[in-house]
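Participant: no FASTA, just this:
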């Protein structure tokens, strides 16, 4: 059974500076896990790449 290929946004855009400050450590930790542990299953892409693929 083949697995699913996942893309996640590398640098999310956030309108609220406070929210970005609160979630930044968590986001950075997840990106580290994705790159070190799940590099074959999870691809990180820029927001513009995702938006251009959706339109």
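Facilitator: All right, it came through fine. Nothing here was measured: the structure is a model prediction, and the numbers come from that model.

Participant: Paired strands for the lowest-mean-pLDDT helix or strand in the chain, with orientation please.
Facilitator: Sorted by mean pLDDT, DSSP states H and E, the helices and strands of the chain end with strand 6-9, the least confident at a mean of 79. Partners of strand 6-9 in the sheet, by DSSP bridges, are strand 42-45 (parallel).

Participant: just how off-centre is the host helix or strand of residue 36 within its chain?
Facilitator: Assigned by DSSP states H and E, residue 36 belongs to helix 17-37. Per C-alpha atoms, centre = their mean, to the nearest Å, the displacement of helix 17-37 from the mean C-alpha position of its chain is 9 Å.

Participant: buried ones in that helix?
Facilitator: Residues 27, 31, 34 are the ones in helix 17-37 that count as buried (16 or more other C-beta atoms under 10 Å). Where C-beta positions appear, they are placed from N, C-alpha and C, glycine not excepted.

Participant: From the contact counts, what lies against that helix?
Facilitator: The contact analysis (3 or more C-beta pairs under 8 Å, 6 or more residues apart in numbering; DSSP states H and E) places helix 17-37 against strand 42-45.

Participant: Can you tell me what sits against the strand it packs on?
Facilitator: The contact list for strand 42-45 (C-beta atoms under 8 Å, 6 or more residues apart in numbering) reads 5, 6, 7, 8, 9, 10, 31, 34, 35.

Participant: after that strand comes which helix or strand?
Facilitator: helix 47-54.

Participant: any idea how far that next one is from the chain center?
Facilitator: 13 Å.
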